[in-house]
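Asker: Pasting a predicted model and its sequence here:
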Amino acid sequence: MTRFSSRNVSTSIVPAPIRSIWDAISDPATLATLTPLVRSIESNGAVWVWSLAGITALGITVAPSFTERMDFVELRRIEFSHQPPRGSDEKAGAVGTYELHPIDATCTRLAVDITLHVELPLPRLAARTVQGVMAATMRHTGARFAINLYERLGLDPATIDIDVRH
């Protein structure tokens, strides 16, 4: 097995109060509906199990589930890190943050930084291709997440302005 990873960093000024955004991203069921490729998120306190829909690359389809330790700073930050249960062999995981900064009472800066990793039965020589597919998928997922969030908040998705880095 070879481990492949990809990082996506994005920032957006969302014309919504910080509480509205926080309520959406800190609730596992809501976050799952906002995030493409996520089938479900099951919560057991600070431990969340993320189940993804199938992703295909180079003829291999994976539909991983992975366990994340979620740390919350109310209305400010959600930090997550891969924390598989003892004895498990999870082939995927993530590490990252959601950060919220109020601009004013009706506008919030939302920064998302996610690194996803997956172990696949492919040679290391496939890294450029696999990581390219992962990066493209993460960009698409991030863009769709923004649209879904805007729609949930009653905002016009056509007004989304996102700064994306890799």
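Answerer: That came through fine.
Asker: Which helix or which strand is home to the residue nearest to the spatial centre of the chain?
Answerer: Geometric centre of the chain, nearest residue: Ile114, 5.9 Å, by Cα atoms, centre = their mean. Under the criterion of DSSP states H and E, Ile114 resides in strand 107-120.
Asker: Which strands border that strand, and is each parallel or antiparallel?
Answerer: Sheet pairing for strand 107-120, assigned by DSSP bridges, gives strand 2-14 (antiparallel), strand 92-104 (antiparallel).
Asker: just to revisit the earlier point, quick check: the closest residue to the residue nearest to the centre of the chain other than its chain neighbours vs Asp104, distance?
Answerer: In space, and not counting its chain neighbours, Ile114 is closest to Gly96: 3.8 Å by Cβ to Cβ, 6 or more residues apart in numbering. Heads up, the C-betas are built off the backbone N, CA and C, glycines and all. As judged by Cβ to Cβ, to the nearest Å, Gly96 and Asp104 stand 26 Å apart.
Asker: Pick out whichever of the two has more residues nearby.
Answerer: Counted by other Cβ atoms under 10 Å, Gly96 and Asp104 do not tie: Gly96 has more neighbours, with 18 against 8.
Asker: Double-check the more buried one against Arg77; I have them as touching.
Answerer: No: here Gly96 does not reach Arg77: they are 10.9 Å apart, not a contact under Cβ atoms under 8 Å.
Asker: Now Glu79: which helix or strand?
Answerer: According to DSSP H and E, Glu79 maps onto strand 77-82.
Asker: And that strand, what does it pack against?
Answerer: strand 65-73, strand 92-104 (3 or more Cβ pairs under 8 Å, 6 or more residues apart in numbering; DSSP states H and E).
Asker: again, 10 Å this time
Answerer: When contacts are defined as 3 or more Cβ pairs under 10 Å, 6 or more residues apart in numbering; DSSP states H and E, strand 77-82 sits against strand 47-52, strand 65-73, strand 92-104, strand 107-120.
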